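Novice: With the input below, show me the fold.
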Amino acid sequence: MNKFNGQPDKPDVTHYGRVHIHYAYDSWQLVTDPLLRALHRMDRNFFELMSPIDAVSMVDSGQAARQLSEHRLKAEQLLEGIIAMDPKNLAVSGISYFDKRILKDDQDIRRFETKAADAYKSRSIEANRSWFQYIKPKCTPHRPQYAAR
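Specialist: Alright, predicted model coming up:
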């Protein structure tokens, strides 16, 4: 996790980002799980993107920080990074970043939260397909400049 400098519009809030690993699915998983199979058919690299559970965690992270700090810390996650790896040889197959600041207004934020929650809770093919189609253009392989190494 990285802590970033405060944003001008929220100087009293601690901003941070998180990067974690998603492993590719093997052929057995793709054969036996209808959801994974459908997502793989839609986009072979879907696992390189922010998943619905990643998004739900991002939404809930600020509240968790407040609870853990007994409401002394105001925190907001701005960045989610995914390093996609092959589970057998650990080769990196892709990297993507989602910068929450691209969500410009309350309507954008609600749409992000609703799509993520629907896909995560329902585990339906359509809700997950909709999520990955929605999130793909919002992810980039380039880390934002405000996120130091």
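Novice: confidence score at the residue nearest to the spatial centre of the chain?
Specialist: Central residue of the chain (C-alpha atoms, centre = their mean): residue 50, 3.3 Å from the mean position. Looking at residue 50, its pLDDT reads 95.
Novice: ok so it is a helix residue?
Specialist: No - secondary structure assignment (DSSP: H, G, I helix; E, B strand; the rest coil) places residue 50 in coil, not in a helix.
Novice: in the protein, what spans have low per-residue confidence?
Specialist: Applying pLDDT under 70 to the chain flags the ranges 1-12, 62-73, 75, 148-149.
Novice: go with 80
Specialist: 1-16, 61-76, 145-149 (pLDDT under 80).
Novice: show me where it has helices.
Specialist: 27-32, 34-42, 52-68, 106-122, 125-135 (DSSP state H).
Novice: Columns distance to residue 144 and mean neighbour count on top of these, output as a markdown table?
Specialist: Yep, even glycine has a C-beta here, placed from its N, CA and C like the rest. Listed next are the helices of the chain as a markdown table, based on distance: least, C-beta to C-beta, whole Å; neighbours: other C-beta atoms under 10 Å:
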| stretch | distance to residue 144 | mean neighbour count |
| --- | --- | --- |
| helix 27-32 | 32 | 11 |
| helix 34-42 | 26 | 15 |
| helix 52-68 | 15 | 16 |
| helix 106-122 | 17 | 15 |
| helix 125-135 | 16 | 18 |
